[in-house]
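Undergrad: Below are the sequence and a predicted model; questions follow.
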Amino acid sequence: MALGGDCEKCILSESRRIVILGKTGAGKSSLANTISGQRLFKVNHTPKSGTSECQAETIYVKGRRLTLIDTPGFFDTITPEESLKPEIVRCITECAPGPHAFLILLKVEKFSEHERAVIDKIKGYLSEEAFRYATVVFTHGDQLQEGHTIEDFIHEDENLRDLVQKCGGRCAVIDNKYWDKKDEDRSNEVQVEKLLKVTDKMIKDNKNGCYTNETLLAVEEKIQQEIKIIKQDQQSGSVMSVQKIETKAKRSVWKKLLTKLIGITVGALLGAFFGAAIMVGVAFRRNSQAPSVITLAASAAVGAVIGGGVGYVAASGAETPKEAAKKAAKAVKAVYEESVLA
């Protein structure tokens, strides 16, 4: 369940955590570089372009301290799901106890069935609570027809209208490559400032809180425990910086999470992150062990099993990771099928 609202850890944090979401090739890494004004994020221009790993960088932009979190194509319809699992876990650890904002990236282009499928996937994973913290950002703004605004473009497609409406009507348009800075309407500098102001207002409307849930809070608790251990283990004269300690703690938690999530599907991980607990009700009815497993998951580092309690139980008796994944996939598939037929 998403908690949102006044999150004390978020209010005390100086940095605003912004997670950039979208399919491969939408321009996530380029947008992060455009916002930062630096080439911090790797942009791949090969035929198989796209970010394959989650990357987080903390920057200062016009008096704001931002932590931008670039993600792989979580909402791709063709990316092998197993390859996403480590990066979903990394994203969860990087943005714990929760992001202040999601930027959902889409291209300015004619929307085919494939693009609509991506939008449906986004709407399926993000909970209503998560949409309160989301803004739709359109890239490749040079594709807008002369005299047309982004609002005109959105109005032409019902799916787009619905998605933007879910995000409180918040949207922006940018072009990471061609726009002339002298043209106010088609200037990246102007549009980035507009985007940041939209984000500022959204955060203010959300009372300076971040989007969070049991999973993110459990991971943050583990990170803080790890930070405490690292500080205690430090030898006098070799004191690490706060940032290095936090980075080391997050990496440690990420590795520990991965070893415990063999039996959890990608859908369950994304569900845990974004708050879409599709399977929980069925899990309670189907498996008497599920409540205790889900309770355990919410209170410990195995936080990403909100939708994967059944998979966790099924994989617990496996002797190898491969067997665990196979058993979990079979069990979770059965639960999904049951939920559809219920």
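TA: Looks like it came in fine. Residues are numbered from 1 along each chain as shown.
Undergrad: what about the stretch 101-250 of the chain, any weak spots by pLDDT?
TA: 176-185, 235-238 (pLDDT under 70).
Undergrad: Going along the chain, name the helices of it.
TA: Secondary structure of the stretch 101-250 of the chain (DSSP state H, counting those that start in this stretch): helices at 113-125, 128-131, 150-155, 158-166, 188-205, 214-233, 242-260.
Undergrad: Any idea which of those helices gets closest to residue 275?
TA: Minimum separation from residue 275 across the helices of the stretch 101-250 of the chain (CB to CB) falls at helix 128-131, 5.5 Å. From N, CA and C alone the C-beta is placed, and that goes for glycine too.
Undergrad: Surely residue 174 and residue 191 touch.
TA: Yes - between residue 174 and residue 191 there is a contact under CB atoms under 8 Å: 4.7 Å.
Undergrad: For the two, list the residues in contact with both.
TA: Common contact partners of residue 174 and residue 191 (CB atoms under 8 Å, 6 or more residues apart in numbering): residue 141.
Undergrad: Between these two, which is the more surrounded one?
TA: Neighbours of residue 174 and residue 191, each counted by other CB atoms under 10 Å, are more numerous for residue 174; the result is 26 against 22.
Undergrad: That one: what's it in contact with?
TA: Contacts for residue 174 (CB under 8 Å, 6+ apart) come out as 31, 34, 137-139, 141, 188, 191-192, 195.
Undergrad: For residue 161, state which of these is nearest.
TA: Closest to residue 161, out of all of these and judged by CB to CB, is residue 138, at 13.2 Å.
Undergrad: Disregarding residues adjacent in the polypeptide, which is nearest to the closest one?
TA: Once flanking residues are discounted, residue 138 sits nearest to residue 173: 4.4 Å by CB to CB, 6 or more residues apart in numbering.
Undergrad: now the one you found: how far from residue 208?
TA: Counting by CB to CB, to the nearest Å, the gap from residue 173 to residue 208 is 27 Å.
Undergrad: Of these two, give the one with the bigger neighbour count.
TA: Between residue 173 and residue 208, counted using other CB under 10 Å, the more crowded position is residue 173 (24 against 15).
Undergrad: isn't that one right next to residue 106, touching?
TA: No - between residue 173 and residue 106 there is no contact under CB under 8 Å: 10.0 Å.
Undergrad: Need the residues touching each of those two.
TA: 137-139.
Undergrad: Show me the strands in this structure, by range?
TA: Along the chain, counting by DSSP state E, strands occupy 16-22, 55-61, 64-70, 101-107, 134-139, 171-173.
Undergrad: so what strands line up beside the second one?
TA: Applying DSSP bridges, strand 55-61 is found paired with strand 64-70 (antiparallel).
Undergrad: got the buried residues for the strand it pairs with?
TA: For strand 64-70, the neighbour count (16 or more other CB atoms under 10 Å) marks 66-70 as buried.
Undergrad: ok, so of those residues, who is nearest residue 97?
TA: Using CB to CB, residue 67 is the member of the buried residues of strand 64-70 that lies nearest residue 97, at 12.6 Å.
Undergrad: tell me the contacts of that closest one?
TA: 15-18, 56-59, 94-95.
Undergrad: 7 Å instead, please
TA: By CB atoms under 7 Å, 6 or more residues apart in numbering, the contact list for residue 67 reads 15-18, 56, 58.
Undergrad: Report the two members of the residues you listed separated by the largest distance.
TA: Farthest apart among those by CB to CB are 16 and 56. That separation is 12.5 Å.
Undergrad: Reformat the buried residues of strand 64-70 as JSON lines; add distance to residue 76.
TA: Shown next, in JSON lines, are those (distance: CB to CB, whole Å):
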{"residue": "66", "distance to residue 76": "25"}
{"residue": "67", "distance to residue 76": "24"}
{"residue": "68", "distance to residue 76": "20"}
{"residue": "69", "distance to residue 76": "17"}
{"residue": "70", "distance to residue 76": "15"}
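Undergrad: Quick check: of those, which lies closest to residue 27?
TA: residue 70 (10.7 Å).
Undergrad: could the buried residues of strand 64-70 be laid out in CSV, adding pLDDT?
TA: Shown next, in CSV, are these (pLDDT from 0 to 100):
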residue, pLDDT
66, 94
67, 94
68, 95
69, 95
70, 93
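Undergrad: Can you tell me which of those residues comes closest to residue 89?
TA: The closest of the buried residues of strand 64-70 to residue 89 turns out to be residue 69 (CB to CB; 13.0 Å).
Undergrad: Alright, I will stop here.
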